[in-house]
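> mind folding the following:
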Amino acid sequence: MLTSQEIEQQTEKKPKFTGKQLVMLDSNATNKTINTQAKNASLKLATFSDYKNDVQDFYKAFDEADGIVFEQFGVAVVNEQKEEQVSMLTRSSGSKNTFIYSEPERYVYALNDSFEEFMRGYKSAVDNIFSKITNKGKISSVQGSSFLDDSVASWGIHATNILKTKFTGKGVNMAILDTGFNLKHPDFVGRSITSKSFIRGQRVNDQNGHGSHCTGILTGDIKKLTGRRYGVAKDANIFIGKVLSNAGDGSDSGILAGMEWAITNGCKIISMSLGASVEPNEDFSNIYNDLAKKALSKGTLIIAAAGNDSRRDRDKIAPVNHPANCPAIMAVAAVDNHSNVANFSCGGINPNGGQVDIAAPGVDIYSSWKSPDDYNSISGTSMATPYVAGIAALYWEENPKATASDIWLYLIQNAKRLILNASDVGAGLVQAPK
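Numbering: from 1, shown residues only. Just a heads-up that it's a prediction; the model follows:
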C-alpha cells in the first residue's frame, strides 16, 4: 500500500497538457468560413457531426484531419505540433476573423480522494472532535448536527433532506460524464439508460467504479436487497457519457464531445466529477467558461467537482480545480457527516474566478459500484457533485419552465447555511426542495 508521500509524488507527476490546442471560434462563423480560414493556414478540420454514427470514432478526426470542430459550442481542437498554424489563425486581424483565441488542451482525472489521505484526514478530524469534549463529557459541535448511515438511507440522503421531498427528478434529462456505468447493476434493472463512449477502444461499461458510484448518487434509488436509499433523483432520465478511461483519466477533447452529445440530447444538467489541478493565482479556462455560458443560454447547467488537492490537517488549502473554477460552472465542495468541510476539499483561494459555490456530502459516501462488488463507500468532491446535480433535477421538476440560471439560484438560495467560510462551502449545504 502506498504511503501518503508516495501518493502525493505520483499526483505531482500527472501530466497537465496533451499538446493539442483548444481554439474558440466566432459565434457567427459558418462551416464555410471555418474551412476557408483553416485551409489558408494549411489546416484541415473535421466536424463532430461527421462522426455521429459512432461517436467514439470522433477520434479519427485527429488521424484523418488536423483536428475537429464541436459545432454546438463553436470550439475546435487542433492536433499537436500545429502551434504555428493556430497562432497564425488567432492573431489575424479584421472583423471577420473566425478563430478568436486558443489555450492548451488539458488532461483531466476522476476526483475521488485516496483511501490513505482520507484515513489520515479522518484521524485528524476525530482528534479535533475529542478536543472539543466539554467537562460534562459532551461533544460541542460547531455545526450543531450530524448524520449517520442507517437502515433507511445513507447519511448524505438524510443531510440533504431527500426523504422529505415529493420530487424525484421525473422527466429531467441528466448527463453524467465520467468513467461509464455498471450497466448490469441490480438496482438499475428496468431503468432507461442512454449511453455513449468517448474513449477510444473502450465501451461504456465501467471497469473503474467511479462513474458507477457518481451515477448511483445522482440517479439511483434504493439498494434492493436492504431497502436503504442512497440515490437522489430516482426518476430522472439517465445519459451516461464515458469521457474518462477505465484508468480514470481523459482529456478536454473527450469532455467537449460528451458535453456536445449531452446538449444535443436535451440534457438539462451535466454532472462532471472530474478535473485537473491548478496553481495558486492561475486563471480559469476562458474556453470552458465561454462554452459554459453558451450551455446556460441553451438551458443546460454544468456542475463540477471542486477538487481534492487540499490537506487541511496540514494547513494546505488548494485552489478549485479546472473546470469547476470557471465562474459559469457550479463548483461543489465536500463536507463530512458533521457538516464540516472535508480535509481534501479545495477552496476558493484564487482571486480571478475559482470560487466554491455550494457544498454537499462527500466523505464516506455509499453508492453503486462496478461489478462484481456492486457497492462501495468512497470519498471526494466527486461524490458531492452528483448530490447537487440530482437536487438540481428535483428543482427542475418542481419548476419545469425555469431557466438553467434559475435552477442555479434555487440551489444557492435554499442551501443550508453553515458556520464555515464561504470560500470553503459557498452558500452552504445543498437541500432538496420542500
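
> C-alpha only now, for contacts and for neighbours.
Noted.

> which one is residue 241 nearest to, not counting chain neighbours?
residue 177 (4.7 Å; Cα to Cα, 6 or more residues apart in numbering).

> measure that neighbour to residue 220 for me?
Using Cα to Cα, to the nearest Å, residue 177 is found at 16 Å from residue 220.

> looking at the two, which has the bigger crowd around it?
residue 177 (29 against 26; other Cα atoms under 10 Å).

> hmm, back to that, give me the element the residue nearest to residue 241 is part of.
When elements are defined using DSSP states H and E, residue 177 is found to belong to strand 173-178.

> same deal with residue 390?
helix 381-398.

> now that helix, how far from the chain's geometric center?
11 Å (Cα atoms, centre = their mean, to the nearest Å).

> ditto for stretch 186-205
With Cα atoms, centre = their mean, you get 18 Å for stretch 186-205.

> cool, and stretch 258-268?
15 Å.

> test my guess that the residue nearest to residue 241 contacts residue 255.
Yes - look at residue 177 against residue 255 with Cα atoms under 8 Å: they come within range, at 7.4 Å.

> okay, and the common contacts of the two?
Taking Cα atoms under 8 Å, 6 or more residues apart in numbering as the contact rule, residue 177 and residue 255 both touch residue 243.

> where in the chain is pLDDT low?
Confidence mapping of the chain against pLDDT under 70 gives the ranges 1-13, 53-56, 93-95, 113-144.

> tell me which strands the longest strand belonging to it pairs with, and in which orientation.
In the chain, taking DSSP state E as the definition, the longest strand is strand 99-110. Sheet pairing for strand 99-110, assigned by DSSP bridges, gives strand 17-25 (antiparallel), strand 249-251 (antiparallel), strand 274-275 (antiparallel).

> any chance of the ones you listed in a markdown table with mean neighbour count as columns?
Shown next, in a markdown table, are the strands paired with strand 99-110 (neighbours: other Cα atoms under 10 Å):
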| stretch | mean neighbour count |
| --- | --- |
| strand 17-25 | 21 |
| strand 249-251 | 22 |
| strand 274-275 | 30 |
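
> show me how the record splits this protein into domains.
Annotated domains of the chain cover 18-105, 115-425 [automatic domain parsing].

> measure the most centrally placed residue in the chain to residue 107 for me?
In the chain, the centroid-proximal residue (Cα atoms, centre = their mean) is residue 272; its distance is 2.0 Å. Going from residue 272 to residue 107 by Cα to Cα gives 14 Å.

> over to residue 357?
Counting by Cα to Cα - residue 357 and residue 107 are separated by 24 Å.

> who's more crowded, those two?
The residue with more neighbours, out of residue 357 and residue 107, is residue 357; 26 against 22, by other Cα under 10 Å.

> give the contact list for the more buried one.
Contacts for residue 357 were tallied using Cα under 8 Å, 6+ apart; they are 330, 331, 332, 333, 412, 425, 426, 427.
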